[in-house]
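S.K.: Kindly generate the corresponding structure for this input.
(one chain, ligands or ions: 1)
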Amino acid sequence: MSQVPFDSQGFRRALGRFATGITIITARGPDGAPVGLTCNSFGSLSLDPPLVQWSIAKTSRNYGALCAATYFAVHVLDSSQGELCWQFSARNRDRFASLEVEEGLAGLPLLRQHHARFECETHARHEAGDHTIIIGRVLRLCEQDGDPLLFYRGALSRIVPAC
Ligand SMILES: Cc1cc2nc3c(=O)[nH]c(=O)nc-3n(C[C@H](O)[C@H](O)[C@H](O)COP(=O)(O)O)c2cc1C
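M.R.: Down below sits the predicted model:
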């Protein structure tokens, strides 16, 4: 067991040992253009009412648009969508290029392919250090067959049954 004082690199390294799914968050910006980013801070929060949460870095170029959005969508990626994880996290790419997008509640840009998809109305925002936590009330959901894409120690992975 190692219990040494840690720096931010060590903090990130230890956090990377917590395997997560990967989501793409989308919304409409103030000018109506679709915005989105890759997010692994997504999590369930409440069953009644149905709430989910995720957090956005204050340094994100999409911070203003996603914080101000009244509606947002969360797409849980399936294991065939690894490339989308990088497409929606790269700064120099058209994130919606060559994607099948459909319109959801209030014109939300929705990715047709997903493992699960949640259309949400923003319920609350909370300041938290260098991030803001965004809580959404789920208004509509959708599921598709497949298996989930995972993120573990900085790399993409997929589920292997443990026993
Ligand atoms: C696997 C993965 C998970 C990420 N999770 C988050 C997240 O939860 N919150 C966040 O603000 N950015 C997250 N990012 C970073 C954003 O996807 C994006 O790269 C970053 O916001 C910079 O782009 P932007 O300035 O255009 O938003 C994640 C990136 C990757 C690759």
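
S.K.: For burial, what's the neighbour tally of A116?
M.R.: 17 (other CB atoms under 10 Å). In short, each C-beta sits where N, CA and C put it, glycine included.

S.K.: where's it relative to L149, distance?
M.R.: The gap separating A116 from L149 is 12 Å, by CB to CB, to the nearest Å.

S.K.: Equivalent analysis for A65, please.
M.R.: Distance of A65 to L149, given as CB to CB: 25 Å.

S.K.: do the same with G43
M.R.: G43 sits 16 Å away from L149, going by CB to CB.

S.K.: quick one: which of these two has more around it?
M.R.: L149 (24 against 13).

S.K.: quick one: the more buried one and H75 touch, right?
M.R.: No - using CB atoms under 8 Å, L149 is not in contact with H75; the gap is 10.7 Å.

S.K.: So for the longest helix along the chain, mean pLDDT?
M.R.: Using DSSP state H, we find that the single longest helix of the chain is helix 8-15. For helix 8-15, the mean per-residue pLDDT is 96.

S.K.: What parts of the chain come near the ligand?
M.R.: 22, 37-41, 54-57, 60-62, 85, 88-89, 91, 151 (CB under 6 Å from any ligand atom).

S.K.: now the spatially most central residue of the chain, which residues is it bridged with?
M.R.: Among the residues of the chain, C39 comes closest to the average C-alpha position under CA atoms, centre = their mean, at 3.1 Å. Under DSSP bridges, the beta-bridge partners of C39 are T23.

S.K.: Give me the pLDDT value at it.
M.R.: You'll see C39 listed with a pLDDT of 98.

S.K.: Which residues are in contact with it?
M.R.: C39 makes contact with I22, T23, I24, I25, W54, I56, V74, according to CB atoms under 8 Å, 6 or more residues apart in numbering.

S.K.: you'd agree D31 is in a helix?
M.R.: No - counting by DSSP: H, G, I helix; E, B strand; the rest coil, D31 falls outside a helix, being coil.

S.K.: from here on, count from 783
M.R.: Sure, I'll start numbering at 783, so the last one becomes D813.
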